[in-house]
Structure formats: C-alpha cells, structure tokens
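> Got a predicted structure here, sequence first:
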Amino acid sequence: MHKLPTNVSGGTDGPAAAVSPTFIPVAAPDLSGHEETYVVQAIRSSWISSTGPFVQRFESEFAKLCGTRASLGVCNGTVALHLALLGLDVRPGDEVLVPSLTYIATANAVRYVGAEPVFVDVDPTTWCIDPKLLEASITPRTKGIIAVHLYGHPADMDAINHLAAVHGLWVVEDAAESHRARYKGRTVGGLSQVATFSFYGNKILTSGEGGALTVNDRQLELRLRTLRGQGVDPLRRYYFPVTGYNFRLTNIACALLCAQMERCDAILSRRNAIFARYDALLQGIPGIGLQPVAEWAERAPWLYSITVDEKAYGRSRDELMALLEQNKVETRPFFIALHRLPPFREESRRRAENLPVTDILSAAGLNLPTYSALTDNDQERIASVIRGGRR
Ligand SMILES: Cc1ncc(COP(=O)(O)O)c(C=O)c1O
C-alpha cells in the first residue's frame, strides 16, 4: 500500500508521461470526504482514546451495513480473528479448519489460542475454502471452520454452515478483504456465528490500522466486549472476573471509518467501475485468467485479481510482475500457501496435506492496482503492458 503523492492523485498522463510514466501504486486510500473534518473534531473534543461518539456511531453503522445485531471495533483484523477465537473458547489442542490460500493472520490467530490450523484446499471456482473437502479433515479435535472470503469473493457459506451444523462446529467468516460482498443476496458478516474485518490502509474501507467483528448472538457479543476491554466487570470498576485483552479501537480511527462509511456506496461503485473496465480490457488475452465469480456471488471490489498460465502466455506470473514493475506499475503476488511456510509446514507434512489448487493459484495469481483515483488511462496503460507482454 502506498500513499498516493498529491501531484499524481488524478493520475492523468500529460505529454511528459509518455517519456516517464507516473508510478501506479497497487492501492491507495480514498480520504476525499469528511475524514479530515471528523479526525479534527475528535482531536478538538479531546476524545482520542477508545471512548467517544465516533466509536458508538461506527459500531452501530457497521452492524447495519453487515445486517447484524452488533459490531465491535478492534485495533486490526488480526486481533479481530484472535478475539473471535477467544470468544468461541478455542483452546490448546483444538483444531480449526482454514484455507491455505489466505493471509497468514488467519492461521496465526489459531496459534495464538494454542490451537492448530488444519489446512484445506480451495475451490477453483471461488478461490475460497472448498466445502466438499472439509469433511475429510474433521477429527474429534476439530472445533470450527474459518471461511475466508478471499480477494473479495464470498465463500460458499450455505454448504459450509450445513457441514458445520452436522458436526457441531462453529464458523467464523474472515471478511478482511471483502467488505459488503454478498452471498445469495446477503451481506457477508452476518452469515456465521461471528465475522471479522480489517481496515488496513489497502482495504475498501480503511482507518489505516483497524478492525471489527460482527455478531448476532447477544451472549457472545457481551463475552467479546468483556474480553476486548481487559475482562473488566461492566458494573464493578477494577474488578476483572476473566483474563482479558486491550484490543480496543480509538475514537480517531472510528472518526475516519464514519467518514468512509458515509461514502461506502460511492467508494464501492467507483471500484466496481474499475473492475468492469479491467474485465473488458483483459478479456481474451491468451494465458491471462480472470477471477471466476459464482452465480450466487456479488464480489467486493478489493484488489483486482488475475492468473497467468505460463505456457499459454509465454511468461511466468513473476516475469509479468517484473515487466509491470519496469513500467512503473506496482502489483502483488497471491499469498504464498500457508502450509508451505516455516511456522506450519512440518505439521502440514505430518498430516500429509495435499492442496493442489492452492499451490497452482499461489504461483499463478497477482493483484492489480485498484483504488478510487486510478484513471482510465492508468488502466489502459496496465492492460497494454499485460497484452503486449505475451510471448
Ligand atoms: C484474509 C485476511 N485476514 C486477516 C487479515 C489481517 O488484518 P490486519 O492486517 O488488519 O491485521 C488480512 C490482512 O490484511 C487478510 O487479508
């Protein structure tokens, strides 16, 4: 994530740009609404910690956005996952099913509570955890499933929830990358026991660092609130019946988020237009694959994703990324499969996990620049490098 220098915020290529094209970052926040005003308001009010009107406003509006009874702000998306697992009473020795194609925070949070992530392959038609493969990974120690809505695409929640119900498991949605994605018309965040979000600077809605949980069950909500705030008894100051954490989000961060949510529709529609333009520009280039979208899915326009078939395209994904970089276009490779990373690979090998779809996508995928200020010219420039890069 890069902050967009103000002199290229419009990104329009003047005559000089033909000689020296401007740098196109992979992401940049859209802070063009009331962000500054609200942050200044928070500072002037002196409510800069985790109490204040923006905290309450954010939590109530975010719950509304996700169609849940409640939401809780926390300091980032990793902490949101950690808190969700603490709230669900996950313990040492428990197993949690997670996709291997995700950001490392999903599996790290499982380890924070002493449990073990068990990796499951993803579905080639959604790039999310494959419900058909879950059952084979369930053991007497399995307690739940983290369904990651990856790269903006919702996981197949009905199939996942059905299997979880049959086996008495809970489900957490990791919606860090998929703000307001829809599954069969329903917004993600309200499709399981508890969902988690990230508001890191490259996310659709952002507060720089920040996160949230959404929840419907009142008892679970109260438990999450207690654990988030050091475990304090709400009726008795300095009395702590349980070991808690300080996972709170500040009124300043919530001021940013309130401004972002005012323009949620506009931010999404701009990013959807960027997605539609990429779809049109990149259609039909041999060897370049577009993200599949299930007929029941309305994806969140996070970072536009493509895959490279090295044989058909004549270059590998890494070679295409290098070519784009030479042309001053920043990209991101897909996540390295978690079951191949040092903290997890021995356990994964011991369990003889075989995750071919994850391995293929991890080697073939990349994310292209996606942010409000990206111009049509920028997108044409990116597409022409990709089109022209075929050998
Ligand atoms: C799928 C997923 N889960 C969790 C996180 C963690 O969020 P954060 O960076 O806010 O801690 C991220 C990353 O940003 C993510 O992409």
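Perfect, thanks for sending it.
> From here on, just use CA atoms for contacts and neighbour counts.
Will do.
> Just confirm Glu347 is within a helix.
Yes. Under DSSP: H, G, I helix; E, B strand; the rest coil, Glu347 falls within a helix.
> Begin at 669 from now on, thanks
Okay, using 669 as the starting number, the last item reads as Glu1015.
> And the helices in this protein?
703-713, 721-734, 745-755, 773-780, 799-802, 825-835, 886-896, 919-930, 932-950, 978-981, 985-994, 1013-1018, 1024-1032, 1044-1056 (DSSP state H).
> Ok, which of those comes nearest the ligand?
Proximity of the helices of the chain to the ligand was assessed by C-alpha to the nearest ligand atom; the nearest stretch is helix 745-755, lying at 3.4 Å.
> returning to that earlier point: with mean neighbour count added, can I get the helices of the chain in a markdown table?
Putting the helices of the chain into a markdown table (neighbours: other C-alpha atoms under 10 Å) gives the following:
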| stretch | mean neighbour count |
| --- | --- |
| helix 703-713 | 16 |
| helix 721-734 | 20 |
| helix 745-755 | 25 |
| helix 773-780 | 22 |
| helix 799-802 | 17 |
| helix 825-835 | 16 |
| helix 886-896 | 18 |
| helix 919-930 | 25 |
| helix 932-950 | 17 |
| helix 978-981 | 16 |
| helix 985-994 | 17 |
| helix 1013-1018 | 14 |
| helix 1024-1032 | 19 |
| helix 1044-1056 | 17 |
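> Any regions of the chain where pLDDT drops low?
Along the chain, segments meeting pLDDT under 70 span 669-687.
> Give me the phi and psi for the closest residue to Pro960 other than its chain neighbours.
Nearest residue to Pro960, sequence neighbours excluded (C-alpha to C-alpha, 6 or more residues apart in numbering): Thr793, at 5.8 Å. Thr793 adopts backbone torsions of phi -90, psi -10, taken as degrees, to the nearest 10.
> Thr793 contacts Val961, doesn't it?
Yes. Between Thr793 and Val961 there is a contact under C-alpha atoms under 8 Å: 7.2 Å.
> Mind checking which of those two has more residues around it?
The neighbour count for Thr793 versus Val961, taken as other C-alpha atoms under 10 Å, is higher for Val961 (15 against 11).
> Check the gap between that one and the ligand for me.
Applying C-alpha to the nearest ligand atom, to the nearest Å, the value for Val961 to the ligand is 18 Å.
> Quick one: residues contacting the nearest residue to that residue once chain neighbours are set aside.
Excluding the flanking residues, the one nearest Val961 by C-alpha to C-alpha, 6+ apart is Thr794, at 6.6 Å. Going by C-alpha atoms under 8 Å, 6 or more residues apart in numbering, Thr794 touches 821-823, 960-962.
> May I see those residues organised as TSV, with distance to Ala777 added?
Converted to TSV, the contacts of Thr794 look like this (distance: C-alpha to C-alpha, whole Å):
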residue	distance to Ala777
His821	21
Pro822	20
Ala823	19
Pro960	28
Val961	28
Ala962	28
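> Mind picking the two most distant members of these?
Ala823 and Pro960 (12.4 Å; C-alpha to C-alpha).
> which one of those two has more residues nearby?
Between Ala823 and Pro960, counted using other C-alpha under 10 Å, Ala823 has the larger neighbour count: 28 against 14.
> Return the backbone torsion pair for that one.
When read as degrees, to the nearest 10, the backbone of Ala823 gives phi -70, psi 160.
> thinking it is in contact with Val816, fair?
Yes. The pair Ala823 / Val816 is scored as a contact, 6.6 Å apart, by C-alpha under 8 Å.
> Could you tell me which residues touch both of those two?
By C-alpha under 8 Å, 6+ apart, the residues touching both Ala823 and Val816 are 796-797.
> Report the central residue of the chain.
The centre of the chain sits closest to Glu845, judged by C-alpha atoms, centre = their mean, with a distance of 1.9 Å.
> who touches the residue of the stretch 819-968 of the chain found nearest the ligand in this structure?
Residue of the stretch 819-968 of the chain nearest the ligand, by C-alpha to the nearest ligand atom: Ser866 (4.1 Å). Residues near Ser866 by C-alpha under 8 Å, 6+ apart: 744-746, 748, 843-845, 874, 877-880.
> sorry, back to before: in CSV, list the helices of the chain along with distance to Lys852.
Formatted as CSV, the helices of the chain follow (distance: least, C-alpha to C-alpha, whole Å):
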stretch, distance to Lys852
helix 703-713, 32
helix 721-734, 14
helix 745-755, 24
helix 773-780, 24
helix 799-802, 16
helix 825-835, 9
helix 886-896, 25
helix 919-930, 23
helix 932-950, 18
helix 978-981, 34
helix 985-994, 32
helix 1013-1018, 33
helix 1024-1032, 24
helix 1044-1056, 30
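> Can you tell me which of the ones you listed is nearest to Leu765?
Across the helices of the chain, Leu765 has its closest neighbour in helix 799-802 (7.6 Å, C-alpha to C-alpha).
> Outside of stretch 1004-1017 itself, list whatever touches it.
With C-alpha under 8 Å, 6+ apart, stretch 1004-1017 has contacts from 768-772, 775, 786-787, 1026-1027, 1030-1031.
> I should have written stretch 760-769 there, sorry.
With C-alpha under 8 Å, 6+ apart as the contact definition, stretch 760-769 has outside contacts at 774-775, 778, 781-790, 795-797, 802, 805-806, 809-816, 1003-1007, 1023, 1026, 1030.
> so which of the residues you listed also contact the ligand?
When C-alpha under 6 Å from any ligand atom is applied, the members of those adjacent to the ligand are Thr774.
> Would you mind checking the contacts of stretch 760-769 for buried ones?
When the contacts of stretch 760-769 are checked for burial by 16 or more other C-alpha atoms under 10 Å, the buried set is 774-775, 778, 781, 783-790, 795-797, 802, 806, 810-816, 1003-1007, 1023, 1026, 1030.
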